[in-house]
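K.L.:
return a 3D structure for these sequence lines:
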Amino acid sequence: MTPRMCTHVRKRIALLILSVLFSSVHCVAQDNPTGNSSGGAAGLAAPGFRMIRATAGTKGTEQHGRFFISDPRTVFHLSDDHKVIVEFEWDGPVGPHKFEGLWKDPGGKVAIVSDFQFEPKTTPFAGYFTMLIDESATTGIWTIDSRIDGQTAGSFSFQIVAGAGTTPVPTARIPLNATDIYHEAQAATAFVEKLDSDGKEFGRGTGFSLGSGRVLTTFGNIDGATELRLVFGSGPPVATRQIIAWNRLQDWAVVKVDAPGIPALKLAQEKSWVVGQHVYSLGTSPAGGRTITDGGIVGDTTQPGAGERLTLSFTFNPVSVGGPVLNDFGDVIGMLGGLLLPGPGDSPSSAVPPSGAVESVAVAAALAVPTDLVRIPRPDEPSSTLADIAAKGLFMPPLKALDQVGYGTLALALDSRGPQAWPRDTRNRFSHSDGKMLVFINWMPKAKFKGVATLRFYDVNNKELAQSQPSNVNIRPGQFTSTSWTVPLVSFPAGTYRADVYLGDAPAWREFFRVIP
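P.N.:
Here you go, the predicted structure:
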């Protein structure tokens, strides 16, 4: 016996609903209520089609333009269940496609074919097929084969058994809406302000609570600080110098704070994210308030020593670095930041002026550190201090003379044909075939200085490699002058480096660069 269902698939009435929400496209093709139903949801582009996953159940819900199985399982009972829904997720080319589901009974015979037309705009994309069953259905192992444009696109097997179920049916988590995710994340998120030895703020980023007085942020958001000041959405600022765990190259740190009552965000299971997945994050408005942003994971990359990075489809400003990246259930899968080649300043977040000002310029590379890399310390684990980390040579000193610099860059050469020499072909990626590079500083001083400027180079482990001969500098407000250094690239093996310019003993400018063979 086969399940009782409509076999005239081509005669069914199709209802096509297109809904654009959060930059995703969702399509549902619904059959006549007495027949089969099927649908698709767009959610990386690659040739051919590859099944990413498949899930079965008897109930589903549409949230945020996507379809979710509410009671995922592989066993269905004739006395209790009246239909089987199987949802597939595929990776493949976007564009108009014909989707088919071939339901095969325990004997391997195709009992019915469900089909629908759908044009996903992004990839991966998903679709679901529904088969009605009653007590006369054949028991045993059933299989549904999916096809896209006639190509095999994955199969899923499930079992139909006689009688009623005797074990509890699992219930899937229902995704949260954007409003709920925003409020939960906002309550657990803090601004992380870096203070120097004079108590002056010189960098501002973000962190979020893990509970038990632990706040996760990027290493860049603590780098060089003498003290940290955390500002949650409510309550007074909380000062701390305690760090429980950290990894400089992987770009994460767990800060210890005394802030009872702050709710915690839940970390997602390891490796629970996939490229193409929909995610949320908290941004920062020009006025300094929190905003919610959504998009997707559009790629990943790995840097030796630094670990994996997620590439996101949206940009964010520097103050948001260290903020959570959340899945549809509000679980944290990553943390904004982790630039493999940071820009000027102590970190991506330090380019932000203090006193709560927010730059509107987005971070060039929208990357995130997956929380899989983070070693979450026990609540009672002993902590170290910022001074301890500085003593290990892991910190970059803050740019205390930054206000003396108008402009600084790396370039290939200096163009002296105009009234003022200016760098030509600026870049932060060089090849040994270039022969040499130029480090150029245009001084626009806020205070008078007479002394020497030196150029120092460091590797990615913060180890000093070389230092230039001192250059005499005599600058004063209203007089704009420049200093430059020509550096042979043969001195640098292929790798990533940092250039610091010092005025006397005070760091004034900083840039990272790469050298390739």
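K.L.:
quick check: phi and psi at Ala390.
P.N.:
Backbone torsions of Ala390, given as degrees, to the nearest 10, read phi -60, psi -40.
K.L.:
in contact with it, which residues?
P.N.:
By C-beta atoms under 8 Å, 6 or more residues apart in numbering, the contact set of Ala390 is Gly224. Where C-beta positions appear, they are placed from N, C-alpha and C, glycine not excepted.
K.L.:
change it to 6 Å
P.N.:
Not one residue lies near Ala390 by C-beta atoms under 6 Å, 6 or more residues apart in numbering.
K.L.:
what's the spacing between it and Ala499?
P.N.:
21 Å (C-beta to C-beta, to the nearest Å).
K.L.:
what does Asp434 give?
P.N.:
15 Å.
K.L.:
which of these two has more neighbours?
P.N.:
Using other C-beta atoms under 10 Å as the criterion, Asp434 and Ala499 rank with Ala499 on top: 20 against 15.
K.L.:
wasn't that one part of a strand?
P.N.:
Yes. Ala499 forms part of a strand when assessed by DSSP: H, G, I helix; E, B strand; the rest coil.
K.L.:
where does the stretch 1-150 of the chain have low pLDDT?
P.N.:
By pLDDT under 70, the low-scoring segments of the stretch 1-150 of the chain are 1-47, 64-65.
K.L.:
try it again with 90
P.N.:
1-48, 50, 52-53, 60-70, 79, 91-92, 120-125, 134-136 (pLDDT under 90).
K.L.:
next, give phi and psi for the nearest residue to Ser212 once chain neighbours are set aside.
P.N.:
Distances taken as C-beta to C-beta, 6 or more residues apart in numbering put Pro379 closest to Ser212, at 3.5 Å, once the chain neighbours are dropped. Dihedral pair for Pro379: phi -60, psi -30, per degrees, to the nearest 10.
K.L.:
give me the number of residues near Pro379?
P.N.:
Neighbours of Pro379 (other C-beta under 10 Å): 12.
K.L.:
so how far is Gly213 from it?
P.N.:
Using C-beta to C-beta, one gets 7 Å for the distance from Pro379 to Gly213.
K.L.:
and the gap between Gly233 and Leu336?
P.N.:
18 Å.
K.L.:
more neighbours: which of the two?
P.N.:
Using other C-beta under 10 Å, the more surrounded residue of Gly233 and Leu336 is Leu336, with 29 against 14.
K.L.:
I'd say that one and Pro318 touch.
P.N.:
No. Using C-beta atoms under 6 Å as the test, Leu336 is too far from Pro318 to be in contact (9.8 Å).
K.L.:
list the contacts for the residue nearest to Gly495 when sequence neighbours are not counted?
P.N.:
Nearest residue to Gly495 in three dimensions, chain neighbours excluded: Val515, at 6.2 Å (C-beta to C-beta, 6+ apart). Applying C-beta under 6 Å, 6+ apart to Val515 gives the contacts Phe430, Phe492, Ala494.
K.L.:
redo that, cut-off 8 Å
P.N.:
Residues counted as contacts of Val515 (C-beta under 8 Å, 6+ apart) are Phe430, Ser431, His432, Leu489, Phe492, Pro493, Ala494, Gly495, Tyr497.
K.L.:
run through the bridge partners of it.
P.N.:
Phe430, Gly495 (DSSP bridges).
K.L.:
that one and Ile333, how far apart?
P.N.:
Using C-beta to C-beta, Val515 is found at 33 Å from Ile333.
K.L.:
show me where pLDDT drops low in the stretch 401-517 of the chain?
P.N.:
Along the stretch 401-517 of the chain, the model assigns pLDDT under 90 to residues 415-421, 460-462, 478-480, 491.
K.L.:
quick one, helices of it?
P.N.:
Counting by DSSP state H, counting those that start in this stretch, no segments of the stretch 401-517 of the chain form helices.
K.L.:
before we move on, what about the chain?
P.N.:
With helices called from DSSP state H, the chain shows them at 178-188, 386-391.
K.L.:
next, format the ones you listed as JSON lines and append mean pLDDT and distance to Asp505.
P.N.:
Below are the helices of the chain laid out as JSON lines (pLDDT from 0 to 100; distance: least, C-beta to C-beta, whole Å):
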{"stretch": "helix 178-188", "mean pLDDT": "94", "distance to Asp505": "40"}
{"stretch": "helix 386-391", "mean pLDDT": "96", "distance to Asp505": "16"}
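K.L.:
is it possible to get TSV of those that adds distance to Ile475?
P.N.:
Formatted as TSV, those follow (distance: least, C-beta to C-beta, whole Å):
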stretch	distance to Ile475
helix 178-188	45
helix 386-391	29
